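Asks: have a look; sequence and predicted model below, questions after that.
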Amino acid sequence: MHDISIWLLFVFVVGSYVQSITGFAFGLIVMSVAALFSLVPLEVAAFSVSVLSMVNAATSLYGGVWKQVNAKNFIVYFIASTPMIAVGVYLLNFFGSNALHWLQLLLGISIILACLMSLVKPKKDIKPSRPWVYFVFGGISGVFGGLFSTSGPPISYLMYRQPIALSVIRATLLSVFFLSCLLRIVIMGVGGQITESMLWVSLAGLPCVFIVAVLSKRYPPKISPQVIKRIAVVLLLLSGVSLSLKALL
């Protein structure tokens with residue numbers, strides 16, 4: 001029998017709720033709280049985020065949403081992202097075994113940067129970005145996706161600058177999240193890095209994420225999603241700073 005912290009399940013619930021309402025922050029919330037309070041090892045938290053985010057994305061893509069993906073740039077993105085996801089997974093294992101404080105510092109800085117990016121409202125470009133831009137962002141997102149299963153902020157910032165329909169942006173981002181998480185899981189599986197603990201934590205999180213997603217759609221909050229997002233960003237900024245200080249002290 002595996003002991004899974006009730007606090008970790010609570011974090012899954014909160015992260016899923018914020019994600020369902022705002023479309024933002026599930027992975028950042030789970031990773032930041034898990035690392036700050038040492039609820040589970042970072043590699044376990046990252047794997048559970050991959051599994052649960054993949055399920056969330058698959059649910060959202062159901063019904064033909066995936067057909068609106070910007071296929072050309074999607075392919076270019078993953079040409080760069082795929083090998084960098086593997087690099088990120090390797091770095092997670094290396095730092096986790098040899099320099100945990102550096103890994104915590106990197107996570108803290110990543111959270112701070114992701115929050116700052118979310119506060120900046122991207123201005124629409126006049127022309128779509130060239131393929132090489134997707135290649136560069138794919139590499140950056142891949143590293144963070146492999147490390148902490150948080151590939152979203154860079155590619156989200158890029159996509160929301162594009163002069164294309166919001167439905168295409170949403171479908172492309174959901175597809176990116178789904179495939180990124182799937183690739184991360186496959187890479188870990190091929191490398192023999194998936195542990196029983198990772199599977200149990202992910203399994204325990206599934207009903208939390210599913211139930212909250214259903215209830216949040218059926219009973220939306222009276223508070224504006226923008227207000228909830230701002231609160232989440234402030235708390236994440238504080239956790240990122242705290243985690244960075246924890247690593248340095």
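Replies: Received it, and whenever you're ready, just let me know what you need. Numbers count the residues shown, from 1 in each chain.

Asks: in the chain, which spans are helices?
Replies: 6-22, 26-36, 42-61, 71-98, 100-119, 131-148, 152-159, 166-190, 196-218, 225-248 (DSSP state H).

Asks: could the ones you listed be laid out in CSV, adding mean neighbour count, distance to residue 125 and mean pLDDT?
Replies: All C-beta atoms are positioned from the backbone trio N, CA, C, and that covers glycine. Shown next, in CSV, are those (neighbours: other Cβ atoms under 10 Å; distance: least, Cβ to Cβ, whole Å; pLDDT from 0 to 100):
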stretch, mean neighbour count, distance to residue 125, mean pLDDT
helix 6-22, 20, 24, 87
helix 26-36, 26, 26, 90
helix 42-61, 22, 25, 90
helix 71-98, 18, 13, 91
helix 100-119, 19, 16, 88
helix 131-148, 23, 10, 94
helix 152-159, 22, 10, 88
helix 166-190, 19, 13, 92
helix 196-218, 16, 32, 88
helix 225-248, 17, 23, 87
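
Asks: which residues are in contact with the residue nearest to residue 89 when sequence neighbours are not counted?
Replies: Using Cβ to Cβ, 6 or more residues apart in numbering and skipping the chain neighbours, the partner closest in space to residue 89 is residue 146 (4.4 Å). By Cβ atoms under 8 Å, 6 or more residues apart in numbering, the contact set of residue 146 is 84-92, 184, 187.

Asks: distance of residue 146 relative to residue 195?
Replies: Distance of residue 146 to residue 195, computed by Cβ to Cβ, to the nearest Å: 17 Å.

Asks: wait, doesn't residue 52 sit right on residue 29?
Replies: No - contact between residue 52 and residue 29 fails when scored by Cβ atoms under 8 Å: they sit 11.5 Å apart.
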